[in-house]
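Enquirer: Structure here, sequence nowhere to be found:
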């Protein structure tokens with residue numbers, strides 16, 4: 001694989017992803033690929049799951065990490081240093097920089113001397129999309145033709161956008177159920193899904209769950225960049241996520257909550273439950 005940035009799921013071809021998964025499986029068996037390498041975090045907003053996962057991965061692979069997580073107490077907050085100056089500094093001490101902030105990721109590209117990883121921007125969150133694809137390949141012998149359910153809120157979620165853009169390249173059937181019409185996925189993303197060879201269905205009730213192989217639950221975390229009026233309306237009209245909604249799931253189906261999918265990067269597959277186990281566990 002070439003040495004370049006990973007800012008969007010479009011930056012990797014299916015063949016490159018397959019090669020990365022082979023390396024990941026070797027890493028699971030104990031092979032070390034990043035000895036002596038340094039990852040810099042340039043996180044302009046706080047993170048728990050993504051930052052912990054990246055740092056744990058570097059440590060397990062014989063490398064290390066530097067950088068900042070949030071701007072509180074930094075020269076950026078004091079207006080003594082710009083975002084770009086911070087990125088230039090971090091890139092001079094590292095082999096790769098993971099960036100996280102409210103802007104669009106591609107705007108950073110020209111200011112770094114090393115490859116960049118998009119660890120969440122306004123437009124995409126490609127890391128959990130790659131991790132979800134890796135998970136699906138580990139669960140199912142083949143993912144082509146599988147039915148993926150997505151419920152609650154998607155329109156303003158960079159994570160769900162990345163899921164759709166990447167997974168649609170593998171011939172899936174997506175079923176989306178949203179509380180509000182205004183929170184349904186953008187039409188141009190749906191067009192991209194269909195252009196990639198997958199199917200997209202907008203559902204009006206949870207009854208579709210009876211035919212799902214895998215379910216993604218995208219709660220309030222998906223509303224970070226939604227207009228305030230939609231956030232208020234969503235909170236008012238949100239149907240509680242409860243047993244009644246999920247009782248029609250097939251017994252061999254899988255589900256997870258979006259904020260915790262990144263945990264699979266550290267082998268926390270115990271957070272993915274089969275239907276007959278999910279009511280005995282709590283989100284950690």
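Expert: Happy to help now that I have it. Quick caveat, the model's predicted, so the values are computed rather than measured.
Enquirer: Quick check: chain neighbours aside, which residue is closest to residue 117?
Expert: Nearest residue to residue 117 in three dimensions, chain neighbours excluded: residue 98, at 4.3 Å (Cβ to Cβ, 6 or more residues apart in numbering). For every residue, glycine as well, the C-beta is placed using N, CA and C.
Enquirer: so the one you found, which of the three states?
Expert: Of the three states, residue 98 takes strand according to DSSP: H, G, I helix; E, B strand; the rest coil.
Enquirer: thought it was touching residue 44?
Expert: No - using Cβ atoms under 8 Å, residue 98 is not in contact with residue 44, being 11.5 Å away.
Enquirer: Break down this protein into its helices, ranges please.
Expert: With helices called from DSSP state H, the chain shows them at 14-28, 49-60, 83-92, 126-139, 158-167, 187-195, 228-237, 243-246, 275-278.
Enquirer: who's more crowded, residue 98 and residue 44?
Expert: residue 98 (26 against 19; other Cβ atoms under 10 Å).
Enquirer: For that one, give me its contacts.
Expert: Residues near residue 98 by Cβ atoms under 8 Å, 6 or more residues apart in numbering: 39, 40, 41, 42, 43, 50, 54, 67, 116, 117, 118, 119.
Enquirer: Report the beta-bridge partners for it.
Expert: Residues in a beta bridge with residue 98, per DSSP bridges, are residue 41, residue 117.
Enquirer: so how far is residue 46 from it?
Expert: Look at residue 98 and residue 46: by Cβ to Cβ, to the nearest Å, they are 14 Å apart.
Enquirer: now swap in residue 16 and tell me
Expert: Separation of residue 16 from residue 46 (Cβ to Cβ): 31 Å.
Enquirer: Tell me where the model's unsure across the stretch 151-284 of the chain.
Expert: Within the stretch 151-284 of the chain, the stretches with pLDDT under 70 are 152-153, 179, 218-249, 251-284.
Enquirer: if you set the cut-off to 90 instead, what comes out?
Expert: Scanning the stretch 151-284 of the chain for pLDDT under 90 picks out 151-160, 177-186, 204-284.
Enquirer: my guess is residue 154 contacts residue 177, does it?
Expert: No - here residue 154 lies out of contact with residue 177, judged by Cβ under 8 Å, at a distance of 9.5 Å.
Enquirer: out of the two, which sits in the busier spot?
Expert: Each of residue 154 and residue 177 has its neighbours counted (other Cβ under 10 Å); residue 154 has more, 25 against 22.
Enquirer: quick one: the more buried one and residue 191, what's the gap?
Expert: 15 Å.
Enquirer: Check residue 24 too.
Expert: Distance, residue 24 to residue 191, by Cβ to Cβ: 31 Å.
Enquirer: quick one, which of these two is more surrounded?
Expert: Applying other Cβ under 10 Å to residue 24 and residue 191 shows that residue 24 carries more neighbours, namely 17 against 11.
Enquirer: quick one, what contacts the more buried one?
Expert: residue 134 are the contacts of residue 24 under Cβ under 8 Å, 6+ apart.
Enquirer: beta partners of residue 199?
Expert: Counting by DSSP bridges, residue 199 is bridged to residue 173.
Enquirer: didn't it look like it was pressed against residue 168?
Expert: No - the pair residue 199 and residue 168 fails to qualify as a contact (Cβ under 8 Å) at a distance of 9.1 Å.
Enquirer: what touches both of those two?
Expert: With Cβ under 8 Å, 6+ apart, residue 199 and residue 168 have common neighbours 174, 193.
Enquirer: And those two? Which one has more around it.
Expert: The neighbour comparison of residue 199 against residue 168 (other Cβ under 10 Å) goes to residue 168, with 23 against 14.
Enquirer: roughly how far apart are the residue nearest in space to the middle of the chain and residue 145?
Expert: By Cα atoms, centre = their mean, the chain has its centre lying nearest to residue 128, at 2.7 Å. Look at residue 128 and residue 145: by Cβ to Cβ, they are 23 Å apart.
Enquirer: Contacts only, for residue 169.
Expert: Residue 169 touches 14, 196, 197, 198, counting by Cβ under 8 Å, 6+ apart.
Enquirer: Could you tell me the end-to-end distance of stretch 8-17?
Expert: End-to-end distance for stretch 8-17, by Cα to Cα, to the nearest Å: 13 Å.
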